[in-house]
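>>> kindly generate the corresponding structure for this input.
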Amino acid sequence: MRLFLSIVSWNSETHLKVLLPKLISASSGLAKIFLFDNASTDDSVKIAKELGVEVFASSVNIGFTGGQNEGVRRFLEDTSYEIFCTVNPDIDLDRETLVRLATIPHDVVTPKILRLDNNFERTNIIDAAGMILNSSLRHLDRGSNEVDRGQYDKEEIVFGGTGAFFVLKRQAIQKLLLGVDNKIQLFDEAFFAYREDADLCWRMRRREIKVHYTPSVIVYHQRKVLPENRKEVSTDINSMSVRNRFLLQVNNWIFQDGGFLQGIIFRNLLVIIGVILFERSSIKGIKEFIGLLPRALKIRKENLHG
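Here you go, the predicted structure:
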């Protein structure tokens, strides 16, 4: 089966210079590369076009969600591809990865992702071995920052996978599309970026689609945003993270998921208090959530009742 590799860029020139030549070589005869650029002011589009990559250069930034949804639309229109992959510009992989993906039996796969250092060199530090959802309703990258000693080398079902590199077959995507805004949305575009992958994975749970963690498929990722460096990232990112935390729960949570006291009550109260006392720039995110609540309730109804 052939793969459709969908990349969303925003001022990603530095990473695309490294990724695209390697990806073009690795994907020969196996995959198509599509790049959606979110109004970059650097040479991202120029670099991709000079390498012969199909590019859609947007005049406005519509986020990771909007860019990937355009990739999904093109994928669904072209029936010569059966497997859709979200690929971050800060990913590195080998041809062997794509060869294995072309023969996967599962509808949804998340690989073992190892960390790239600041020089884009590969390490044996785990970036993500699938995504978990804990009792506080926090979605976390399993094994993040651990040294890879083979502790996550068992293929198994997990809650989800990171959007940095995620693999879905056509039949899974068709079951997961949202029926809002009169457009194709695999990722909820209200999220723009951050937590949109967890939202998709929670929707998979509602629609009984399993995520298979497949450690024989290995990719590498240079991650910048981590829970422990929240104080170092931009106020816009933190505000989106707060907004999307609440959207995520309204879209998907039901009492049977657990986490009512620890997540819905205690953790959410902690987040609100933290915003008021220590991160007032994220009040914007709470206001945006309130404005998006009617839309989220429509999605919730769709997720729970079909």
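>>> domain assignment for this structure?
Domain ranges of the chain: 3-226, 228-305, per automatic domain parsing.
>>> what about the strands in the protein?
3-9, 31-38, 54-58, 83-87, 91-92, 108-116, 122-128, 131-133, 139-141, 156-158, 165-169, 211-221 (DSSP state E).
>>> other SSEs contacting the longest one?
Based on contacts counted as 3 or more CB pairs under 8 Å, 6 or more residues apart in numbering; DSSP states H and E, the elements that strand 211-221 packs against are strand 91-92, helix 95-101, strand 108-116, strand 122-128, strand 156-158, strand 165-169. (Each C-beta comes from the backbone N, C-alpha and C, glycine too.)
>>> again, only this time at 7 Å
Packing partners of strand 211-221 (3 or more CB pairs under 7 Å, 6 or more residues apart in numbering; DSSP states H and E): strand 91-92, helix 95-101, strand 108-116, strand 156-158.
>>> ok, now the second one?
Packing contacts for strand 31-38, counted by 3+ CB pairs under 7 Å, 6+ apart, involve strand 3-9, helix 13-27, helix 44-50, strand 54-58, helix 63-77.
>>> one step back: mind putting the domains of the chain into TSV with mean pLDDT and mean neighbour count?
Output for these, formatted as TSV (pLDDT from 0 to 100; neighbours: other CB atoms under 10 Å):
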stretch	mean pLDDT	mean neighbour count
domain 3-226	96	19
domain 228-305	93	16
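>>> any chance of the strands of the chain in a markdown table, plus distance to Leu16?
Converted to a markdown table, the strands of the chain look like this (distance: least, CB to CB, whole Å):
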| stretch | distance to Leu16 |
| --- | --- |
| strand 3-9 | 6 |
| strand 31-38 | 8 |
| strand 54-58 | 11 |
| strand 83-87 | 11 |
| strand 91-92 | 11 |
| strand 108-116 | 14 |
| strand 122-128 | 18 |
| strand 131-133 | 26 |
| strand 139-141 | 24 |
| strand 156-158 | 30 |
| strand 165-169 | 16 |
| strand 211-221 | 15 |
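>>> how about the ones you listed, which one is nearest Gln262?
Comparing the strands of the chain against Gln262 with CB to CB, the closest turns out to be strand 131-133 (11.8 Å).
>>> check which helices and strands the closest one sits against.
Judged by 3+ CB pairs under 7 Å, 6+ apart, strand 131-133 is in contact with strand 139-141.
>>> other residues contacting the strand it packs on?
127-128, 131-134, 160, 162, 198 (CB atoms under 7 Å, 6 or more residues apart in numbering).
>>> circling back: want to throw the helices and strands packed on strand 211-221 into JSON lines with distance to Lys301?
Below are these laid out as JSON lines (distance: least, CB to CB, whole Å):
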{"stretch": "strand 91-92", "distance to Lys301": "35"}
{"stretch": "helix 95-101", "distance to Lys301": "34"}
{"stretch": "strand 108-116", "distance to Lys301": "24"}
{"stretch": "strand 156-158", "distance to Lys301": "27"}
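>>> out of these, nearest to Leu20?
That would be strand 91-92 among the helices and strands packed on strand 211-221, by CB to CB, at 10.9 Å.
>>> neighbouring strands for that closest one, and are they parallel or not?
When pairing is defined by DSSP bridges, strand 91-92 lines up against strand 211-221 (antiparallel).
>>> about what we covered before: turn the helices and strands packed on strand 31-38 into CSV, columns for distance to Ile286.
Shown next, in CSV, are those (distance: least, CB to CB, whole Å):
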stretch, distance to Ile286
strand 3-9, 26
helix 13-27, 32
helix 44-50, 33
strand 54-58, 28
helix 63-77, 19
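>>> wait, which of the ones you listed is closest to Arg115?
Nearest to Arg115, of all the helices and strands packed on strand 31-38, is helix 13-27, at 14.5 Å by CB to CB.
>>> got the angle for the closest one vs strand 108-116?
Helix 13-27 runs at 130 degrees relative to strand 108-116, counting by axes from the mean of the first three to the mean of the last three CA atoms, to 10 degrees.
>>> got a list of contacts for the longest helix seen in the chain?
Using DSSP state H, we find that the single longest helix of the chain is helix 283-305. With contacts defined as CB under 7 Å, 6+ apart, helix 283-305 is touched by 178-180, 188, 190, 203, 206, 239-240, 242-243, 246-247, 250-252, 254, 275.
>>> so how far is Thr103 from Asn251?
In this view, Asn251 and Thr103 are 33 Å apart by CB to CB, to the nearest Å.
>>> next one: Asn61
For Asn61, the distance to Thr103 (CB to CB) stands at 36 Å.
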